[in-house]
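Asker: could you work out the structure for the sequence below:
(chains A and B)
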Amino acid sequence: MAASGAGAPARLIRRKSPVLLAAATAIAVLVLLPVAATVIDAAQVSRDEAAELLWRPLVGELLVNTVGLAAATTVVTAVIGTLGAWLVERTDLPWRRAWGALAVVPLAIPPFISSYAWVSLTPALQDFTGALLVVSCAYYPLVYLPVAAALRGLDPALEETARSLGRGPWGCFFGVVLPQLRPALLGGMLLVALHMLGEFGAFTLLRFRTFTTELYAAYRTGFSGPGASLLALVLLGLCLLCMAAEFRVRAAARYARIGGGARRAGARLELGWLALPALAWFALLVLAALGVPLGMILYWLTQHGNAATTPAGATLASLADAAFASVWLGLAGAGFTVLLALPLAFLAARHHGWVVTLLERAAYLTQGVPAIVVALALITLTLRAATPLYQSAALLILAYAILFLPLALVSVRAALLQAQRSLEEVARGLGLGWAAVMGRVVLPLAASGLGAAAALVFVSVVTELTATLLLAPIGTRTLATEVWADTSTLAFAAASPYAAVMAVLSLLSTWLLARRFGGGALAAAG
Amino acid sequence: MAELGIAGVSKAFAGQPVLDAVDLTVAAGRLVALLGRSGSGKTTLLRLICGFERADAGCIAIDGQVVSNAAMLVPPERRRIGYVAQEGALFPHLTVAGNVLFGLPRAARRSRQGVAELLDLVGLPSAYAERWPHELSGGEQQRVALARALAPAPRLVLLDEPFSSLDAALRVETREAVAAALRRARATALLVTHDQAEALSLGDEVAVLRRGRIVQVAAPQRLYRQPADADLAQFVGEAVLLAGQAAAGEAHCALGTLKLAAGMPEGKVEIMVRPEQLSLIRPPAAGQAVGHVERVMFYGPAARVALRLRAGGGVGLVARLPGHLAPPEGAEVGIAVTGEVAAFATGAGMDAAA
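Answerer: Below is the predicted model:
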């Protein structure tokens, strides 16, 4: 279909370059390698053995824990995110701009850091309710952001019409507003569920057993091979279920505005005396999601004198080493990921057809693969087939690229779409060759989007724990692994300098990113 | 269907006055077009009547029930009005039937009664009931929006520039369908528009809003023939304005002696002639005003002719003729005026200067 090209929008660069196609295919295969390895490994288990391995009380407990907490968190974040977004976007809540900004900041604090903070505050949180509290505070922005955007985009005439037809404010919210929010809300909830399934660091610190923590334990105790792959496969299945559901929600989201026209801001609901409880609620939320994590880090920073169990206090040198390792890996990961994203994004932005769609979907699929599955599969693969790569920085960077390719792909693709084909055609018409068009038109237009993609991947790598923990070369210590090592031995004070540097790095880059590219960049970070 | 009364309504946004002591009455069963330029305050007035905004001062009553004054504000859902938004604002998550029945009580929504009748009222086939809003054209969406507004038998229907987003051909057709539906439903209605032709053709009466004030409320014919002032004359249509003297039902100006409409001022006046009142005669007859044809814009059925008068200091005029009567450019023509003309007293008290 794409090759014939007759009548298709493609005119000048009509043919897919074979080099581009080959590169894109190779990249798609590369990112799917861990999934394939896991499946193949698990398939080696005989049916009886598999039944025996899966029908165990342990697997049942993990399933109940994982699915139960994921479901509960999804519901809680949906309520928090929607209520917060509604208060900021549709009511006259005092200081709502400030609340709106504060509401998304927790996205920049990795969940295992907030778990560290909460656990160091009180170990009583190490159960289901505690885990629910901690991860809900960490993940509600994933619902808040899309719902707030949907509320902003809602045509106020819809609500006004409903009011004129006799519906009160509540009837109007449930009859008209909520149905319009459905795609954004469901999409956000599924994203939360997906993150919950793959979360590892936070659950380890909260001593809450899920598939990820069990997989890690199995790896540490040397129990690996097909049995672990089988567990990984169950986890992978759950994740892909979420992915499929999210894909369906997105495909069904045709509640677009009918017609364009002047967009007004809708009238805000006057809260009246309800403003007080609303303010208190928001203050509590910000305290729990931001105040406690940042506050506890600051508290432990001042406690190095009487730190209870500090094996080795953080020295300035070790701190600098860890920060340098994190930043170096972040930069390398960002560069490599964007590089891998380019051929795929270019193909997706410029060509249509089932091959392109298939390649793009394959790349997005890795969004549903938990870091622990990727890391374990890479370990197995390298031990079996490429021993020199085992525990090399190159392998770790490859893992980052596999994990964060979907993230980069969204931004890079959008950036390339910025450089509209018509502009390219104008440049061609003015006598520029292909290379000159790329250098003088496409890249300058796409540059800021590529920068955004790289920055997003950088932040993600710096705050990444699971793959770093499993794949980092011996002797390489990053901020994340240092925090984890100290916290798991209850050396909260020793962990605090690393946590502080990581929080500052992450908050700073996220802030710069949001300032430069707007809140939409943050939404993509989810 | 009942009467709408507005008295002394004012509204300011951030200190900027938008409506200034507006009085307006819409009699039961009548359709009044509220005409104004963008920024004249017409949409604000409509939103005050709907209850989407609160008036700073004044009183609004529907069917004798006060819905807004200094002391209280009835919320929109208790005003029993029908509101048609600029682009219809159909609920995208409901089918056409779901939209039309939205304002009815639950039992009526369940039984889906009356959908076919309502669709028929706005000139749509009943098969449309199961369609989705995004499957309809802009004009069809507007008709469904009107059916939805009419379904709960409102006391008053308010339409906010309902045709402005439609393209020209669809606009005329939708306009006629909407006007017919409103007539058949015997609805009392207020239609906000910035389109003169729309206001003149649809309204039983036209109210003109200018800078937050009602300048004139009149039947379309009267508004067009005898506007309140020169500025309004030019807003409602193209106008030729000439200085002159009025006395005893006649006006004397560069075009000769013209017959004045009843009730016009006397003395030193500005005379208003509509371009289609001018006819051009070739060759000029004796005693006629003579003009030089400078430019002819030929539209097909009609032509617009720019002229310059020989006498009287070379005043410029515009005539609108049937296309086949257009003179060639450069011709000398005699100018005759058919029908009565309007006059405005010149000097003090011009509202246009306000």
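Asker: which stretches of chain B form helices?
Answerer: Under the criterion DSSP state H, helices of chain B are mapped to B:42-50, B:96-100, B:106-111, B:115-121, B:138-150, B:168-184, B:196-202, B:220-225, B:230-236.
Asker: mean pLDDT lowest for which of the ones you listed?
Answerer: Per-stretch mean pLDDT for the helices of chain B is lowest at helix B:106-111 (a mean of 84).
Asker: is chain A within reach of it?
Answerer: No: against chain A, helix B:106-111 shows no contacts by CB under 8 Å from any CB of the partner chain, the least distance being 10.9 Å. Using the backbone N, CA and C atoms, a C-beta is placed for each residue, glycine as well.
Asker: state the phi and psi torsions of the residue lying farthest from the centre of chain A.
Answerer: In chain A, the residue that sits farthest from the middle, by CA atoms, centre = their mean, is A:Gly431; the gap is 43.1 Å. Reported as degrees, to the nearest 10, the phi and psi values for A:Gly431 are phi 100, psi 10.
Asker: residue contacts, it?
Answerer: By CB atoms under 8 Å, 6 or more residues apart in numbering or on different chains, A:Gly431 lies in contact with nothing.
Asker: coming back round to it: how about the helices of chain B, which one is nearest A:Arg440?
Answerer: A:Arg440 sits nearest to helix B:138-150 of all those, at 40.9 Å, using CB to CB.
Asker: packing partners for that closest one?
Answerer: In terms of contacts (3 or more CB pairs under 8 Å, 6 or more residues apart in numbering or on different chains; DSSP states H and E), helix B:138-150 is packed against helix A:156-164, strand B:81-84, helix B:96-100, helix B:115-121, strand B:156-160, helix B:168-184.
Asker: one more time with 10 Å
Answerer: In terms of contacts (3 or more CB pairs under 10 Å, 6 or more residues apart in numbering or on different chains; DSSP states H and E), helix B:138-150 is packed against helix A:156-164, strand B:81-84, helix B:96-100, helix B:115-121, strand B:156-160, helix B:168-184, strand B:189-193.
Asker: give me the buried positions along the fourth one.
Answerer: With burial defined by 16 or more other CB atoms under 10 Å in any protein chain shown, the residues of helix B:115-121 counted as buried are B:115-116, B:118-119, B:121.
Asker: how far does it sit from the chain's center?
Answerer: Per CA atoms, centre = their mean, to the nearest Å, the displacement of helix B:115-121 from the mean C-alpha position of its chain is 27 Å.
Asker: now the residue of chain A found nearest chain B: how far from B:Gly263?
Answerer: Nearest residue of chain A to chain B: A:Leu165, at 3.1 Å (CB to the nearest CB). Computed as CB to CB, to the nearest Å, the A:Leu165 to B:Gly263 distance reads 45 Å.
Asker: the more surrounded of these two?
Answerer: Using other CB atoms under 10 Å in any protein chain shown, the more surrounded residue of A:Leu165 and B:Gly263 is A:Leu165, with 27 against 7.
Asker: that one against B:Arg78, yeah?
Answerer: No: using CB atoms under 10 Å, A:Leu165 is not in contact with B:Arg78, being 11.5 Å away.
Asker: just the pLDDT at B:Gln65, thanks.
Answerer: For B:Gln65, the model assigns a pLDDT of 91.
Asker: pull the contacting residues for it.
Answerer: By CB atoms under 10 Å, 6 or more residues apart in numbering or on different chains, the residues touching B:Gln65 are B:2, B:74, B:78-80, B:155.
Asker: just these that are near chain A?
Answerer: Restricting the contacts of B:Gln65 to those near chain A by CB under 10 Å from any CB of the partner chain leaves B:78-80.
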